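Participant: Any chance you could fold what I've pasted below:
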Amino acid sequence: MEFILICNFLLGATAAFLLVPAFTKKNTLHVTLLSLLFLLSIVPTFLLANPHIGVLPWAIRDGLLLFSAFLFFYLTFTLSRWKTLLFFLLLLLSIAPLAYVVYDDFTHTYIDANIGLGLGFLLTWLLTTLYNILAILRFFRQKSQ
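Facilitator: Below is the predicted model of the structure:
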């Protein structure tokens, strides 16, 4: 439980850090998306940790976090037709572990330790962090040029 709280705090801190350079007229969409990311990342984790609720609220929230980070990363590129298709496929591959977690939770309702559940969420958090870091680097590189 403490690890999950720390991960949510880090996601919230990352989102708050991303809000700082996004306050320009050109990046109003970034501000909107990152505000949503920040609000979603400070959802009280202990409310979602109720075992009777299941995995779906976690998956929805983390899926939105991943999508927001991916969209911020996507918007830092100048796009062509092939890049758009490549980014769409990358998004589908990024969301696949989360989709598996939800499917696995609904099909296997036994009460036991589920390593796939933890690994699916961990991979989603790692991808979200990776997209945020890459977007920050690209954003500052574009600003410096």
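
Participant: Point out where the protein drops to low pLDDT.
Facilitator: When residues are selected by pLDDT under 70, those of the chain lie in 1-54, 56-58.

Participant: again, only this time at 50
Facilitator: 1, 22-23, 25, 44-47 (pLDDT under 50).

Participant: quick one: the helices in it?
Facilitator: 2-19, 28-41, 45-48, 56-74, 81-107, 115-144 (DSSP state H).

Participant: List the residues that contact Leu91.
Facilitator: Phe67, Phe70 (CB atoms under 8 Å, 6 or more residues apart in numbering). To be clear about C-beta, it is placed using only N, CA and C from the backbone, and glycine gets the same treatment.

Participant: if we go to 10 Å?
Facilitator: Leu66, Phe67, Phe70, Leu71, Phe73, Tyr74, Tyr131 (CB atoms under 10 Å, 6 or more residues apart in numbering).

Participant: Spit out the contact partners of the last one.
Facilitator: By CB under 10 Å, 6+ apart, the contact list for Tyr131 reads 65-74, 90-91, 94.

Participant: and what of the third one?
Facilitator: By CB under 10 Å, 6+ apart, the contact set of Phe70 is Phe87, Leu90, Leu91, Ser94, Ile95, Leu127, Thr128, Leu130, Tyr131, Asn132, Ala135.

Participant: State the pair within the contacts of Leu91 that is farthest apart.
Facilitator: Using CB to CB, the two most remote members of these are Leu66 and Tyr74, lying 12.0 Å apart.
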